[in-house]
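Visitor: how does the following fold in three dimensions:
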Amino acid sequence: MTNYSNNAYLSTALDSTDNHFSLDRENDPWSLSVVEAFVLSALEPSTGSLRDIDPAVFAKSLAAAVLMDLSLADRIDNDINELFILDPTPLNDSVLDSVLDKISKAPVLTPYSIGYWIDTISSDSTQILYDYISRLTNKGLLKDNPSFNFFFWMMPVRTTKKVSTESLDLILENLKSLLIDQEVPSSRDIMFTGLLHSCGLLKFFFNQEELNNASGRIHEVAGMDLISQHILKPIQKAEI
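Guide: The predicted structure follows:
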């Protein structure tokens, strides 16, 4: 089994030249999935509480991140509106395999929309969040903070954790390389940027001046991703 230092495995997981997150937990136990990177980004570093983000948007973003991991693992694909199965083979991942099983049982000739699957998966968002908090704790990326709990969808989420600053620094480094230095994005970069942009998390990594200067680049990269574009659509329709 290959050994990785914290910096090495996070750098590898967030390397913008790598198009796929490794899901081979046995040979690469410290790989970082889109969902894991998203959860780390969505938690307040010092307390482990959820950042100032609408719970409905967070739930849908978490669901979108699950779909992104399945897409990067070549299990699903999508066009502008619809999502369909490519390969139903399980990934030995409880969350991803559960969603993959549901998608594999959906109609083939009349596939469901991306929005449908985001809504369906987001209904299990609290349990998914619990699961990934446990994974990140086992990887050492969430650390003890016994004085704090927080609520999500009126449910107590007892993280008792705070976020590893090293992991957030490497996420920020990757985002800066992509959005400020304008490095060529990989599929994963495009998805993750679209995800953070759609749910409003980029403001926690860049100041307003940086966001203004990189606005064109952010929209360019985020606009390439089709899954994240469906995060806000149901909410926007409900508000009309």
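
Visitor: in the helix ranked longest in the chain, what's buried?
Guide: Counting residues, the longest helix found in the chain (DSSP state H) is helix 55-72. Residues of helix 55-72 classed as buried: 56-72 (neighbour count, 16 or more other CB atoms under 10 Å). C-beta: built from backbone N, CA, C; applies to glycine.

Visitor: same thing with stretch 200-214?
Guide: Those would be 200-202, 204-206, 214, for stretch 200-214 by 16+ other CB under 10 Å.

Visitor: quick one: mean pLDDT for stretch 195-203?
Guide: For stretch 195-203, mean pLDDT is 94.

Visitor: tell me where this protein has helices.
Guide: 6-13, 34-42, 55-72, 94-104, 114-122, 125-138, 165-179, 187-199, 208-213, 215-222, 233-239.

Visitor: wait, which of those helices is closest to D79?
Guide: Closest to D79 of these is helix 114-122 (CB to CB; 8.9 Å).

Visitor: quick one: the closest one to helix 94-104, angle?
Guide: Note on geometry: by axes from the mean of the first three to the mean of the last three CA atoms, to 10 degrees, helix 114-122 and helix 94-104 are set 140 degrees apart in direction.

Visitor: make CSV out of the buried residues of stretch 200-214 and add distance to T193.
Guide: Putting the buried residues of stretch 200-214 into CSV (distance: CB to CB, whole Å) gives the following:
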residue, distance to T193
G200, 13
L201, 10
L202, 8
F204, 14
F205, 11
F206, 12
A214, 10
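
Visitor: hmm, back to that, by contact count, what packs against the longest helix of the chain?
Guide: With contacts defined as 3 or more CB pairs under 8 Å, 6 or more residues apart in numbering; DSSP states H and E, helix 55-72 has these neighbours: helix 34-42, strand 76-78, helix 94-104, helix 114-122, helix 125-138, helix 187-199, helix 233-239.

Visitor: tell me which of those sits nearest to L168.
Guide: helix 34-42 (6.5 Å).

Visitor: residues in contact with that closest one?
Guide: For helix 34-42, contacts defined as CB atoms under 8 Å, 6 or more residues apart in numbering pick out 13-14, 21, 50-51, 53, 58, 61-62, 65-66, 68-69, 72, 95, 128-129, 132-133, 135-136, 139, 141-142, 163-164, 167-168, 171, 188, 191-192, 195-196, 199, 201, 204-205.

Visitor: test my guess that N78 contacts I227.
Guide: Yes. Counting by CB atoms under 8 Å, N78 touches I227, with 6.6 Å between them.

Visitor: of those two, who's got more company?
Guide: Neighbours were counted for N78 and for I227 using other CB atoms under 10 Å; I227 has more, 26 against 17.

Visitor: so I85 bridges to which residues?
Guide: I76 (DSSP bridges).

Visitor: what residues are up against it?
Guide: 75-76, 100, 103-104, 106, 108.

Visitor: any weak-confidence spans in the protein?
Guide: 1-31, 144-162, 232-240 (pLDDT under 70).
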